[in-house]
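Trainee: Sequence first, then the predicted structure:
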Amino acid sequence: MSEKRTIRIGLLGFGVVGQGVWKNIENNRQALELRLGAQLDITEVVVKNLSRERDVEVPAERYSDDPARVIENPDIDIVCELMGGTGEALEHTRRALELGKIVVTANKALICEHGEELFAIARRTGGHYFYEASVAGGIPIIKTIREALVANRFKLIFGILNGTSNYILTRMEREGLSFDETLGDARKLGYVEADEALDLDGIDAAHKAVILAYLAHGKWVKLNEIICEGIRDVSGEDITIAGQLGYKVKLLAVIARDFEAEKLSVRLHPALISKKEVIAGVDEVYNGVSVTGDVVGTTVLIGRGAGQDATSSSVISDIADAVFMLQGAPAPFISEEDEAVYNRLAAGLELADASDLQGRYYLRIHVKDQEGVLAKISNILAEHHISFATVNQKELDDGSALIMVTTHKSNELSIAAAKAALAKEPVVLGKPVSLRIFDPEAV
Ligand code: HSE
């Protein structure tokens, strides 16, 4: 039997995910190396703080605080950037790809903000950029769209891409807790990112939606061009009323392409979704992605969207693809070889704007509990051609009330204008809140 090739891996960053990669390669080394036909050697581990205690045991000589020992080292076959962020990680990824290296990453922010540049470098130099772990943790959504479902054109991809906000919404629903109470627990459990806005304002999930939009449609979309709203405005009352009407409230990423109008809608916002939808049943820290292709129909993937083991499972899957490639297999995706192919996928495709978005809405309006209030609200909605589907009212202890309505089909511009008009009405207290009602059949 011929000697197996040794593949040398360098890790940039050794936090939760990096240690997971080390631990899980060690734990499953025998089976993994049999499957890959190669030996794996994590030769270099670059950290910022050499004296920090870590949960896995790594021989001291492999540690350093010098990224050049990975990036500039001709013996390193695969660079794993597991530092996160868009500062040093960008600099190191750029340099490694300039050198024609294979880079594996879990860094969604970096790909979302700099993917276009980084993939272009990889194409120019013959480097490769693998990113399965950047979207939905352990769910193999990148490989699924890129390879398993390659026969399809994707009318709709939607789902839950942020585990932390899903955890918060699930506990609010199940235990009747407020957003703030649940957020406290999520912080204690270490679920919330150090920059909380990433989770709570939808930015993390929007990064992932942008990556999926590129993968499925070849178009890079900028975060400031899309609707990106988090879960901070969702209240217990919204979840309760939604439940009574047959809906759950979920933070949804939506990537919808109208192939006739050649419009692509990429958005991230909380929404009411029918309990009958599989994605509505994805609770706690889980992620779920529903992919509708014109050939295969709808396929739903559910799994752990974050955490050490799930994320490292995806990083190791990319390492495995890189190992096959290093042993002569072709690159597993065409975009690396031919930029023109991806550019053609997006030819003529325009980004949809708010005026293209239509559907049903939920509105919560805080009002003084007085005679004629409902009539005033009804008049304002009618002036904006918005028709009630359901109305609920909740009396509050302070003599005010919440009016919660769902509407028949309307659109973003009418809802925004109606909310602005309602906010000016003296009987309305504070700003009205709206949530979209998402119906996958009506996209
Ligand atoms: N903050 C992210 C989440 C981590 O909650 O899903 C995984 O990307």
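Mentor: Now that the structure is in, tell me what you want to look at.

Trainee: in stretch 395-406, what counts as buried?
Mentor: 400-406 (16 or more other Cβ atoms under 10 Å). Where C-beta positions appear, they are placed from N, C-alpha and C, glycine not excepted.

Trainee: now, which of those sits nearest residue 120?
Mentor: Ranked by distance to residue 120 (Cβ to Cβ), the buried residues of stretch 395-406 are led by residue 406 at 45.5 Å.

Trainee: How about the secondary structure of that closest one?
Mentor: strand (DSSP: H, G, I helix; E, B strand; the rest coil).

Trainee: wait, isn't it in contact with residue 245?
Mentor: Yes. Under the criterion of Cβ atoms under 8 Å, residue 406 makes contact with residue 245 at 6.5 Å.

Trainee: Overlap of the contact sets of the two?
Mentor: Shared contacts of residue 406 and residue 245, defined by Cβ atoms under 8 Å, 6 or more residues apart in numbering, comprise 272, 390.

Trainee: Just the strands from the stretch 201-350 of the chain, written as ranges.
Mentor: Ranges of strands in the stretch 201-350 of the chain, per DSSP state E, counting those that start in this stretch, are 227-228, 247-258, 263-274, 286-293, 297-304, 350-351.

Trainee: mean confidence for the second one?
Mentor: Read it as strand 247-258. Strand 247-258 carries an average pLDDT of 98.

Trainee: Pull the distance from that strand to the chain's centre.
Mentor: For strand 247-258, the gap between its own C-alpha mean and the chain's C-alpha mean amounts to 11 Å (Cα atoms, centre = their mean, to the nearest Å).

Trainee: and what of the fifth one?
Mentor: Here the centre of strand 297-304 is set off from its chain's centre by 14 Å, with Cα atoms, centre = their mean.

Trainee: hmm, that strand touching the ligand?
Mentor: No. Figure legend: strand 297-304 not in contact with the ligand (Cβ under 6 Å from any ligand atom); closest approach 9.5 Å.

Trainee: So which elements touch that strand?
Mentor: strand 286-293 (3 or more Cβ pairs under 8 Å, 6 or more residues apart in numbering; DSSP states H and E).

Trainee: Quickly run through the sheet partners of the strand it packs on, with directions.
Mentor: strand 154-160 (antiparallel), strand 297-304 (antiparallel) (DSSP bridges).

Trainee: Now for the residue of the stretch 1-150 of the chain found nearest the ligand: which residues touch it?
Mentor: Nearest residue of the stretch 1-150 of the chain to the ligand (Cβ to the nearest ligand atom) works out as residue 137 at 5.7 Å. Listed by Cβ under 8 Å, 6+ apart, the contact partners of residue 137 are 163, 287, 303-307, 310-311, 314.

Trainee: if we can go back for a sec, save the strands paired with strand 286-293 as CSV, and put in mean pLDDT too.
Mentor: Formatted as CSV, these follow (pLDDT from 0 to 100):
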stretch, mean pLDDT
strand 154-160, 98
strand 297-304, 98
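
Trainee: so which of the ones you listed is the most packed in?
Mentor: strand 154-160 (a mean of 23; mean count of other Cβ atoms under 10 Å).

Trainee: in the helix or strand that that one is followed by, what counts as buried?
Mentor: Per DSSP states H and E, the first helix or strand lying C-terminal to strand 154-160 is helix 163-175. With burial defined by 16+ other Cβ under 10 Å, the residues of helix 163-175 counted as buried are 163-173.

Trainee: Quick check: of those, which lies closest to residue 318?
Mentor: residue 163 (20.2 Å).

Trainee: confidence score at the nearest residue to that closest one once chain neighbours are set aside?
Mentor: What sits nearest to residue 163 in space, not counting adjacent residues and going by Cβ to Cβ, 6 or more residues apart in numbering, is residue 285, at 3.7 Å. On pLDDT, residue 285 comes in at 95.

Trainee: For this protein, list the residues in contact with the ligand, please.
Mentor: Residues of the chain lying near the ligand by Cβ under 6 Å from any ligand atom: 137, 162-164, 193, 199, 204, 305-306.

Trainee: Domain map for the chain?
Mentor: Domain assignment for the chain by automatic domain parsing gives 5-137+309-345, 141-304, 357-442.

Trainee: got a markdown table for those, with distance to residue 351 too?
Mentor: What follows is those, written out as a markdown table (distance: least, Cβ to Cβ, whole Å):
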| stretch | distance to residue 351 |
| --- | --- |
| domain 5-137+309-345 | 15 |
| domain 141-304 | 6 |
| domain 357-442 | 12 |
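
Trainee: close enough to count as contact, residue 84 and residue 109?
Mentor: Yes. Residue 84 is in contact with residue 109 according to Cβ under 8 Å; the separation is 7.4 Å.

Trainee: Identify the residues contacting residue 374.
Mentor: Residue 374 touches 391, 393, 403, counting by Cβ under 8 Å, 6+ apart.

Trainee: which residues touch the last one?
Mentor: Taking Cβ under 8 Å, 6+ apart as the definition of contact, the neighbours of residue 403 are 364-365, 367, 373-374, 377, 391-393.

Trainee: Most neighbours among the residues you listed, which one?
Mentor: For the contacts of residue 403, the largest neighbour count, defined by other Cβ atoms under 10 Å, is 28 neighbours, found at residue 365.

Trainee: for that residue, helix, strand, or coil?
Mentor: Following three-state DSSP, residue 365 is assigned to strand.

Trainee: now residue 104
Mentor: Residue 104 ends up strand, using three-state DSSP.

Trainee: Would you mind listing where the protein has pLDDT under the threshold?
Mentor: 1-2, 333-343 (pLDDT under 70).

Trainee: what sits against the nearest residue to residue 289 once chain neighbours are set aside?
Mentor: Ranked by Cβ to Cβ, 6+ apart and with sequence neighbours excluded, the top spatial neighbour of residue 289 is residue 159, at 3.7 Å. Residues in contact with residue 159 (Cβ under 8 Å, 6+ apart) are 136, 252-253, 279, 282, 287-290, 300.
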